[in-house]
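K.L.:
here's a sequence, model it:
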Amino acid sequence: MKGTTLIAVFASAVSLFSYSEKISAAEKFITIGTGGQTGVYYVAGQSICRFVNRGAADHSIKCNAPASGGGVANVNGLRSGEYNFGIMQSDHQYKALEGVAPFQNNQPMTDIRAVFSLQSEVFTILARKDAGITNFDDLKGKRVNIGNPGSGQRDTFEQVMQAKGWSQDVFSLVSDLKPAEQASAMSDNNIDAMSYFVGHPNGAIQEASTTTDAVLVPVTGPEIDKLLAERAYFTKATIPGGMYRGNPNDTQSIGGKAVLSTTAETDPELVYQLTKSVFDNLDRFKRLHPAFKDLKESEMIEVGLSAPLHEGAVRYYKERGWL
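P.N.:
Numbers count the residues shown, from 1 in each chain. Next up is the predicted model:
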């Protein structure tokens, strides 16, 4: 009798272990490359994961969205397999697809795929008021942070410099601080101006303009108009007046869209479930950051998408009758 009981207990344990193994094997994990923790990309990635993870009991997908170096780093993370998804500027999606700068050292990334676009982003220059900077040309001879290598702000700044015919030599000091480091550098008077390619309102810009008398700098002029004409992924953009202390008027610049991208190799079911998780909860998603409040389904599935849609996203959009 005792032997029979032991056999039954052992069999039950084996069965339970086997069941647990099956459950564990069914779980799938996805990672989204985002950006610095003070930026909107980080909030976007965390927000996407929030809704994916809420449905984990149904689809067994778990989502993680760590901070990263930004859009360029996210493209490289997709290429290497470090990330399943990555948030990036719409122009970086295009450049990766075509294999042009800053991705010219790689083959065209023909397998990059779009999932949906997110918030509008603006190339933003904030300068100390006492630096006497009222337009982009006034940055000459100043101490300027152009952004960390691998970030969208750095790549955009370099494109604007190229349009202007400038090199880094026009500045008295060039720094490559990360977004989270800029505000303190400005308040400590270590830099005269900081840059960002970001959705608004933004925490780092808010911090810098609160701790320092600072002005938003317009990015306009003939060279900028030529840049816009040559590169369709950029558009004219405006930072609304009154959003930041000491800046009551609108500020004109250039901008684009943030885009969630993946690769053609990503399991269509993973892409479908992620897409469904966001759009089925879009009203809630839009409340998680002020930059998301104007998101519209019709724009998210079309505007700013410079790569083909992933088949998993297409499946969801067709189910909703949007395609």
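
K.L.:
wait, isn't Tyr83 in contact with Gly33?
P.N.:
Yes: if you go by C-beta atoms under 8 Å, Tyr83 and Gly33 touch, sitting 4.0 Å apart. Quick note: C-beta positions are derived from backbone N, CA and C, even for glycine.

K.L.:
now do the shared contacts for those two.
P.N.:
Common neighbours of Tyr83 and Gly33, counting by C-beta atoms under 8 Å, 6 or more residues apart in numbering, are Ser68, Asn74, Gly77.

K.L.:
report the contact partners of the residue nearest to His59 when sequence neighbours are not counted.
P.N.:
Counting by C-beta to C-beta, 6 or more residues apart in numbering, the nearest residue to His59 once its immediate chain neighbours are dropped is Gln273, at 4.7 Å. Shown in contact with Gln273 (C-beta under 8 Å, 6+ apart): Val52, Gly55, His59, Ile61.

K.L.:
kindly report the same for Phe234.
P.N.:
Each residue near Phe234 by C-beta under 8 Å, 6+ apart is listed here: Asp91, Leu227, Leu228, Ile254, Gly255, Gly256.

K.L.:
now it: closest residue in space, sequence neighbours ignored.
P.N.:
That would be Ile254: by C-beta to C-beta, 6+ apart, it lies 4.9 Å from Phe234.

K.L.:
the one you found belongs to a strand, doesn't it?
P.N.:
Yes: under DSSP: H, G, I helix; E, B strand; the rest coil, Ile254 falls within a strand.

K.L.:
now do it against Ala229, distance only.
P.N.:
Distance, Ile254 to Ala229, using C-beta to C-beta, to the nearest Å: 12 Å.

K.L.:
between those two, tell me which one has more neighbours.
P.N.:
Set side by side, Ile254 and Ala229 give different neighbour counts by other C-beta atoms under 10 Å, the larger being at Ile254 (23 against 9).

K.L.:
what sits against the more buried one?
P.N.:
Counting by C-beta under 8 Å, 6+ apart, Ile254 touches Val122, Phe123, Thr156, Val160, Val219, Ile224, Leu227, Leu228, Phe234, Thr235, Lys236, Ala237.

K.L.:
bridging residues for it?
P.N.:
Applying DSSP bridges to Ile254 gives these bridge partners: Lys236.

K.L.:
sticking with His47, tell me its helix or strand.
P.N.:
One thing to correct before we go on: residue 47 is Ser, not His. According to DSSP states H and E, Ser47 maps onto helix 40-54.

K.L.:
repeat that for Thr238.
P.N.:
Applying DSSP H and E as the criterion places Thr238 in strand 235-239.

K.L.:
just checking, what packs against that strand?
P.N.:
Applying 3 or more C-beta pairs under 8 Å, 6 or more residues apart in numbering; DSSP states H and E, we find strand 235-239 packed against strand 112-128, strand 251-263.

K.L.:
now the ones you listed in CSV, with mean pLDDT and distance to Trp322?
P.N.:
Below are these laid out as CSV (pLDDT from 0 to 100; distance: least, C-beta to C-beta, whole Å):
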stretch, mean pLDDT, distance to Trp322
strand 112-128, 96, 11
strand 251-263, 96, 16
